[in-house]
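> The following block contains a protein sequence and its predicted model.
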Amino acid sequence: MAAVTWALGPLGEVAIVTLLLALLLGWLWDTAVTVTRFRATCHQLRRFPRPPWRSWLLGHTGLGKSTEEGLQHVDELVAQYRHSCLWWISPWMPILRLFHPDTLRPILLASAFIAPKDQLFYGFLKPWLGDGLLLSCGQKWARHRRLLTPAFHWDVLKSYVGAFNHSTHVMHAKWRAAAQAAGGQVGLEVLEQLSLLTLDTLQKCIFSHESHCQDFTAAVVQRRRQALNRLGRQAWLEDHRGQSMDFLDLLLLAKDEDGNTLSDEDIAAEADTFMFEGHDTTASGLAWLLYNLACHPHYQEQCRQEVRELLKGRDAEEIKWEDLSHLPFTTMCIKESLRLHPPVTAVSRRCTRDIALHDGRVIPKGIMCLMSIYGTHHNPDIWPEPQVYNPLRFSPENSKGRSPLAFIPFSAGPRNCIGQRFAMAELKVVAALTVARFAIKLDAGRPPRRKPELILRTEDGLWLLLEPLPEVA
């Protein structure tokens, strides 16, 4: 510093001191503004109840656990606070935990620009999945959502039902062989088995005849893009006339209102996102459904009779697209299982502006909101005896007047799961064929302990006993 001031002379010394003083004043001003805003935020947050914490420094760090006891703690929070509570990860990082439709509504139904997904909660997935629908935001997300929506239209989903049936037949053949070798019934870790099933169906629906593996998606997209460019759009369509296009084909042909297509990188990211979101989540939903039906044999038998009545007189045990609307009780059992054991237990948002709640409280701009799907599904204000598995909750008469945000296994609002129709169709096909062919029983020696991670798993697997049933003539 002395050398600099000597070189610049007295005026240079004054200039440097003035610059340093300006920088210091700017820093002090920014600090004062930040502290003032944080104090105002804390003032608004005081209206939300705070559960007991460890200390002012540690807050609630370490109190929320991804274990059976952690979920039981969520049950306790919901039973005590009903709508929401304030959680502190550190003295400067508050999180609002929300578990009531009235509290969730302003955020879930807000524009994706006002309530975007929180990058801290989801950002670690980006190197794996790319910037697909799950992780993108702003105009990119809005454009991709418009372009992908036609790929999940009913007319497209119809063509996937055959893949659901075929993959289920393959899995059931293996189960029958294993049961025969074991002397009549077999104990299986069903979540692992069903993960293979859902992975197989997604490969067929996304890549058609081409297998998928990590780092392979981009090569498939590039190869198909080259074929499309070589043939031209019209020739490509003519070449596929009468055939079912897979997910990649639909994305390659998608165009926005300006005639622009998705880049190869974007298509690869969306394919990987579909593979990720539709794989373990659906497998978790199926595994917990089989577990709940094993816990309640009378409901299982009711589903079985419904499916057998539907399939009576057919040459082959195949669930058709038209059958999906003729399985009302099986559908109620699926929904009640998704309520009791939602595959995704929470989603998060970080609002770009203050959000007013129905009771006059305000969620301050920039606060992370952890919207507890599990907590909402177990809220006794909405679901009496929330721990009881009761499919009749979803009968038409019992569903009247219930908030649509009381049941949100696929989230809700603008950023709901775009593949929920795909998932529900697969759940119905696999569930119907499984109860028609197997008696599902609990493995008393291996009771499950829930473990919420990216999806709801168990600590040591979800084990059930499966006994093949005689084929009905």
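Everything's here; your move.
> Which helix or strand contains V347?
V347 belongs to strand 346-350 when elements are defined using DSSP states H and E.
> Show which residues not belonging to that strand make contact with it.
Strand 346-350 is touched from outside by 107, 115-122, 366-375, 411, with contacts defined as CB atoms under 8 Å, 6 or more residues apart in numbering. Where you see a C-beta, it was placed from the backbone N, CA and C, and this is true even at glycine.
> Return the subset of these lying in helices.
Per DSSP state H, helices hold the following members of the contacts of strand 346-350: 107, 119-122, 373-375.
> Adding distance to E467 and neighbour count as columns, could you present those residues in JSON lines?
JSON lines is the format used below for these (distance: CB to CB, whole Å; neighbours: other CB atoms under 10 Å):
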{"residue": "I107", "distance to E467": "46", "neighbour count": "22"}
{"residue": "Q119", "distance to E467": "48", "neighbour count": "13"}
{"residue": "L120", "distance to E467": "47", "neighbour count": "12"}
{"residue": "F121", "distance to E467": "42", "neighbour count": "16"}
{"residue": "Y122", "distance to E467": "41", "neighbour count": "15"}
{"residue": "I373", "distance to E467": "33", "neighbour count": "24"}
{"residue": "Y374", "distance to E467": "32", "neighbour count": "23"}
{"residue": "G375", "distance to E467": "36", "neighbour count": "28"}
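> Read off the pLDDT value for the residue nearest to L324 when sequence neighbours are not counted.
Using CB to CB, 6 or more residues apart in numbering and skipping the chain neighbours, the partner closest in space to L324 is K428 (5.2 Å). On pLDDT, K428 comes in at 98.
> what residues are up against K428?
Shown here is K428, whose contacts under the criterion CB under 8 Å, 6+ apart are 319, 324, 327, 330-331, 334.
> Same check on K451?
Taking CB under 8 Å, 6+ apart as the definition, contacts of K451 comprise 66-68, 457-459.
> Would you state the secondary structure element containing C85?
When secondary structure is defined using DSSP H and E, the element that contains C85 is strand 84-90.
> Listing partners with orientation, what would you give for that strand?
In the sheet, strand 84-90 lines up against strand 93-98 (antiparallel) (DSSP bridges).
> Next, the angle from the partner strand to strand 346-350.
Orientation check (axes from the mean of the first three to the mean of the last three CA atoms, to 10 degrees): strand 93-98 against strand 346-350 gives 130 degrees.
> before we move on, back to that, let me know the closest of the ones in helices among the contacts of strand 346-350 to A179.
When these are compared for distance to A179 (CB to CB), Y374 comes out closest, at 33.7 Å.
> Distance-wise, check the residue positioned nearest the centre of the chain relative to T261.
Centroid-nearest residue in the chain, with CA atoms, centre = their mean: V344, separated by 5.0 Å. V344 sits at a distance of 31 Å from T261 (criterion: CB to CB, to the nearest Å).
> what do you get for N416?
In this view, N416 and T261 are 25 Å apart by CB to CB.
> neighbour count winner among those two?
Taking N416 and T261 together and counting by other CB atoms under 10 Å, T261 has the greater number of neighbours (17 against 13).
> The more buried one: what's it in contact with?
With contacts defined as CB under 8 Å, 6+ apart, the neighbours of T261 are 252-255.
> can you give me phi and psi for it?
Here is the backbone geometry of T261 (degrees, to the nearest 10): phi -100, psi 170.
> The one 10 residues further on too?
Listed backbone geometry of A271 is phi -70, psi -40, with angles given as degrees, to the nearest 10.
> count of neighbours near it?
Taking other CB under 10 Å as the criterion, the count of residues near A271 is 25.
> Residue numbering should commence at 31 henceforth.
Right, with 31 as the first residue, what we last looked at is A301.
> In this structure it contacts D279, no?
No: using CB atoms under 8 Å, A301 makes no contact with D279, being 11.1 Å away.
> Would you mark the buried spots in the helix or strand hosting A209?
Element membership for A209 (DSSP H and E) is helix 191-212. The neighbour-count check on helix 191-212 (16 or more other CB atoms under 10 Å) flags 191-195, 197-198, 201-202, 205, 208-209 as buried.
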